[in-house]
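**Student:** How does the following fold in three dimensions:
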Amino acid sequence: MGYRQLDHTADVALEIWAPSEEELLAEGGRAIIELLVDETELPSGSADRTVTIEALDPEDRLVRWLNEILSVAISDGYLLTHAALSLSPPGSLHAELKGQADGFRLLRNELKSVTYHDLRLWREGGTWRARVVIDV
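**Tutor:** Have a look, this model is predicted:
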């Protein structure tokens, strides 16, 4: 599991990978938080949240999920530290979140939105991979 930031001319691009789609979504959420905060490691969270997303397909679910994580971080100061996800076809997601509700300084608050531009979600062997672009 992991992610890496890709070179992109004006925005932020990420490639994310994990053994399952659920783990890929969780890893993507972690990547968003790490882009936002000036912390090397977030402590385990104690603030609970529930998220339910209805999307058109797995790609739409990925974008909506990452935008939810970005939105609650910027607007509510809620930083995801752990997500237990369950998925249903074609694009439903239910997540039980643990996170920190305060105490962190946002390093980058110019992240606006995860976009559909150059969006890719695919399986390669036993690994799920995604490429997402974040508008800054």
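**Student:** quick one: low-confidence parts of this structure?
**Tutor:** Along the chain, the parts satisfying pLDDT under 70 run over 8-10, 38-44, 103, 107-109.
**Student:** Going by residue numbers, what spans are helices in this protein?
**Tutor:** Applying DSSP state H to the chain gives helices spanning 21-36, 58-76.
**Student:** Buried deepest among those, which one?
**Tutor:** Comparing the helices of the chain by mean neighbour count (mean count of other C-beta atoms under 10 Å), helix 21-36 comes out on top with a mean of 21. For glycine as for every other residue, the C-beta is placed from the backbone atoms N, C-alpha and C.
**Student:** tell me the angle of that helix relative to helix 58-76?
**Tutor:** For helix 21-36 against helix 58-76, the angle by axes from the mean of the first three to the mean of the last three C-alpha atoms, to 10 degrees is 40 degrees.
**Student:** most centrally placed residue in this protein?
**Tutor:** residue 29 (2.5 Å; C-alpha atoms, centre = their mean).
**Student:** contacting residues around the nearest residue to that one once chain neighbours are set aside?
**Tutor:** Closest residue in space to residue 29, ignoring its immediate chain neighbours: residue 69 at 4.5 Å, by C-beta to C-beta, 6 or more residues apart in numbering. Residues near residue 69 by C-beta atoms under 8 Å, 6 or more residues apart in numbering: 28-29, 32-33, 80.
**Student:** Nice, that's everything, thank you.
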